[in-house]
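*Asks:* Model the structure of this input:
(one chain, ligands or ions: 1)
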Amino acid sequence: MVITVLLRVRAFRTEYGSLSGAASARRLLMPARETEAIILKTFPLGEADRLVSFFGRSSGRVRGVAAGARRLKNRYGSTLEILSHVQIWYVEKETRDLVRIQQAELLESFHKAQSDYGLSTGLAVISEISELILPEHEVSEPMFRLLLLAAREVERTADWHLPLSYFAFWTVRLGGWLPRFDRCVTCGAPFDSKPAFYDAHQSGLFCENCRRAGMKPLHAEARSLAERFAGERLDRMTLERCIETGAGELREAGLSWIEHHLERRLKTRELLETT
Ligand SMILES: [Zn+2]
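*Replies:* Here you go, the predicted structure:
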């Protein structure tokens, strides 16, 4: 016990100690920052801590350490669950990439979605995409609102299918990678009511004549759903049940374009087929 206390005192001194150096003085004066945030991912770090990746409304994507977060009794509770909407306080350090998380308070719980295997798979796909797509320290209000809306809708409707379609579509749109939905990228022929085709190797939509082997169809219903997604908020849309096929096609196309842009497969994508 005495040893622990001594070690703590020493650690404290090392961190906050001598004011003689300018660097120490700066570190001491470094104010805590605060932002509304969405937790993207957490990893165990050592025996007691967690490495946390969060997307802050006013900070962009940031990685930090939550000390003691793996202890049974810890002050973070369920705030560090995937896609939790929180208020977070942290301190930046000049010499390290990781910030030190001081405190997190839950603003909004997505407990139902987080604790259900099927629903949490949907959240995991949203989290993986955000983690890979969002540049570090870059603020994006549209992406913040999109993430929050998608998580809320998974929780509210207890279904990830439509929220994930909407999220994938808007991620592609906000990224500027959305192809033309009305005509073939190669020959320019209008699709009209005919199916268009796509895969993860190209960014465009192709007509029946220009399609390549292995491409999947994006039918007219899916393309008109995309138009509705572009103009309406997901939580205000009333959709007929028959929209499911179109929503599924649009989701698959969106995920493929995201993979094309990232030049890698999404690890969580195949889990969707098992839920
Ligand atoms: Zn064509």
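*Asks:* ok, residue 63 touching residue 55?
*Replies:* No: taking contacts as Cβ atoms under 8 Å, residue 63 lies outside contact range of residue 55: 10.7 Å. C-betas here are computed from N, CA, C, even on glycine.
*Asks:* more neighbours, these two?
*Replies:* It is residue 55, of residue 63 and residue 55, that has more neighbours when counted by other Cβ atoms under 10 Å, with 26 against 17.
*Asks:* Quick one: name whatever helix or strand follows the strand or helix carrying that one.
*Replies:* Assigned by DSSP states H and E, residue 55 falls within strand 49-56. Sequence order places strand 60-66 as the next helix or strand after strand 49-56, per DSSP H and E.
*Asks:* Would you mark the buried spots in that following strand?
*Replies:* Neighbour-count burial for strand 60-66, counted by 16 or more other Cβ atoms under 10 Å, picks out 60, 61, 62, 63, 64, 65, 66.
*Asks:* by contact count, what packs against that strand?
*Replies:* Counting contacts by 3 or more Cβ pairs under 8 Å, 6 or more residues apart in numbering; DSSP states H and E, strand 60-66 is packed against strand 33-45, strand 49-56, strand 99-108.
*Asks:* Please identify the most buried of these.
*Replies:* Of all the helices and strands packed on strand 60-66, strand 49-56 has the most neighbours on average by mean count of other Cβ atoms under 10 Å, namely a mean of 22.
*Asks:* Tell me which strands that one pairs with, and in which orientation.
*Replies:* Using DSSP bridges, strand 49-56 pairs in its sheet with strand 33-45 (antiparallel), strand 60-66 (antiparallel).
*Asks:* Same list, those, but as CSV with mean pLDDT and distance to the ion please.
*Replies:* Listed next are those as CSV, based on pLDDT from 0 to 100; distance: least, Cβ to the ion, whole Å:
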stretch, mean pLDDT, distance to the ion
strand 33-45, 95, 39
strand 60-66, 96, 38
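*Asks:* right, so of these, which gets closest to residue 249?
*Replies:* With Cβ to Cβ as the criterion, residue 249 lies closest to strand 33-45 of these, at 27.1 Å.
*Asks:* Okay then, goodbye and thanks.
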